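Asker: please work out how this folds:
(one chain, ligands or ions: 1)
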Amino acid sequence: MECPSCGAAKTSTLETRRADDGAAVRRRRRCPDCDHRFTTFERREPDPLYVIKRGDRRQRFDPEKLRAGLTRAAHKRPVRAAEIEAIVGRIERAVVEAGGELDSERIGEICLEQLRELDGGAYLQYAGTLSPPGSGIPQGAGLVLADPENPRNHRTSGPTLSVRKEEHAASPTTETD
Ligand SMILES: [Zn+2]
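Answerer: Next comes the predicted model:
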């Protein structure tokens, strides 16, 4: 690598270290001409990730869109931003592990599984946004329900949503494991 100070074509490495838990390599470098020292990071260029939608349409995986959908589902629910971030990270890993492309239906399923563990109301609100069923991409408004079986719905602190029992009784999606 060339020296950022004097422009010499070659610099030497003084020290190489793991960074970001092994996701990157950090090198301390030195210019033999002017003795300038600097640091570089080496990272893998991430491969583009894709979502396979109905009709085999491929679309770039968009974490921002997923985050927005999950945030909408968690509206007025006791779900923290960090928990939504963890779901987005998990989906991203699932797409990588699947070889860089994953069905939108599977993505929707994982979101539902994760939300169900976190909060029944957010789970139901997300389920209500899957349109058409199983598309995996949240669209439009969801249901306004809370799952009374989920202990998080009995928390007294924080913003919560009222349980509308008559809708709950009519919903086939409220059973828990
Ligand atoms: Zn130099």
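Asker: doesn't Asp35 belong to a helix?
Answerer: No. Note on Asp35: no helix contains this position according to DSSP: H, G, I helix; E, B strand; the rest coil, which reports coil.
Asker: ramachandran coordinates for it?
Answerer: phi 70, psi 10 (degrees, to the nearest 10).
Asker: which residue lies farthest from the center of the protein?
Answerer: Distance to the chain centre peaks in the chain at Asp33, reaching 46.0 Å (criterion: CA atoms, centre = their mean).
Asker: in space, what's closest to that one - neighbours in sequence excluded?
Answerer: Once its chain neighbours are removed from consideration, Asp33 has its nearest residue in Ala8; the separation is 4.2 Å (CB to CB, 6 or more residues apart in numbering). Yep, even glycine has a C-beta here, placed from its N, CA and C like the rest.
Asker: what parts of this protein come near the ion?
Answerer: For the chain, the residues in contact with the ion under the definition CB under 5 Å from the ion are 3, 5-6, 8, 31, 33-34, 36.
Asker: isn't the residue farthest from the centre of the chain right up against Glu2?
Answerer: No. Here Asp33 lies out of contact with Glu2, judged by CB atoms under 8 Å, at a distance of 10.6 Å.
Asker: what touches both of the two?
Answerer: Common contacts of Asp33 and Glu2 (CB atoms under 8 Å, 6 or more residues apart in numbering): Ala8.
Asker: contacts only, for the residue farthest from the centre of the chain.
Answerer: When the contact criterion is CB under 8 Å, 6+ apart, the partners of Asp33 are 3, 6, 8.
Asker: quick one: which of those is most hemmed in?
Answerer: For these, neighbours were counted by other CB atoms under 10 Å; the highest total belongs to Cys3, with 20 neighbours.
Asker: just give the number of residues close to the spatially closest residue to it that is not a sequence neighbour.
Answerer: In space, Cys3 comes closest to Cys31 once its chain neighbours are excluded; the distance is 3.8 Å by CB to CB, 6+ apart. The number of residues packed near Cys31 is 20, by other CB under 10 Å.
Asker: quick one: find the helix or strand in the protein with the lowest mean pLDDT.
Answerer: helix 165-170 (a mean of 46; mean pLDDT, DSSP states H and E).
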